[in-house]
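# Need a 3D model of the sequence below.
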Amino acid sequence: MKRYYVLLLLMVISVPFLLGFNAWQSNECGKIKRQIRELETMQENCVENNKTLVADLADLLGVDKLEYDVKNKLGLKKNRPEDITLIIMGGKGLDL
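Reported below is the predicted structural model:
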């Protein structure tokens with residue numbers, strides 16, 4: 001009979017402990033879920049930022065943009081074939 005009361009006492013004591021543990025575990029899971037959501041949001045923002053940077057880089061390195069900058073900012077122009085002078089210097093082993 002004494003064994004029965006001890007077992008009953010242990011069960012009565014363990015129920016609040018298990019409920020408390022369950023509440024703590026639920027709280028920890030909620031924290032982890034919030035952290036995951038924050039990290040996913042950060043990742044989405046980084047991906048969007050990366051897409052923007054790649055597009056900006058493509059614009060900056062595009063041929064049209066480079067030609068525009070060379071012409072307007074640096075004042076350079078393309079040489080026409082008639083503006084090119086070919087100079088041939090003599091030397092051994094040079095057959096032209």
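# Pull stretch 59-67 out as CSV, backbone CA atoms only.
Output in CSV follows, covering the C-alpha atoms of stretch 59-67 (Å, rounded to 0.1, in the frame of the first residue of the first chain):
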residue,chain,number,x,y,z
ASP,A,59,24.8,48.2,-67.2
LEU,A,60,28.2,49.6,-66.1
LEU,A,61,30.1,47.0,-68.1
GLY,A,62,27.9,47.2,-71.2
VAL,A,63,29.5,48.2,-74.5
ASP,A,64,27.0,51.0,-75.0
LYS,A,65,27.8,52.5,-71.6
LEU,A,66,31.5,52.2,-72.1
GLU,A,67,31.4,53.8,-75.5
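# tell me which residues of that stretch are tucked away?
Buried residues in stretch 59-67, counted by 16 or more other Cβ atoms under 10 Å: none are found. Every residue, glycine included, has its C-beta placed from N, CA and C.
# How far does it sit from its chain's centre?
Centroid displacement of stretch 59-67 relative to its chain, using Cα atoms, centre = their mean, to the nearest Å, is 25 Å.
# Next: stretch 9-21.
The chain centre lies 47 Å from the centre of stretch 9-21; the measure is Cα atoms, centre = their mean.
# Repeat that for stretch 50-59.
Relative to its chain's centre, stretch 50-59 lies at 13 Å (Cα atoms, centre = their mean).
# For that stretch, the averaged confidence score.
On average, the pLDDT along stretch 50-59 is 93.
# what's that stretch in contact with?
For stretch 50-59, the surrounding residues in contact (Cβ atoms under 8 Å, 6 or more residues apart in numbering) are residue 65.
# same check, this time on stretch 60-79
Counting by Cβ under 8 Å, 6+ apart, residue 59 sit against stretch 60-79.
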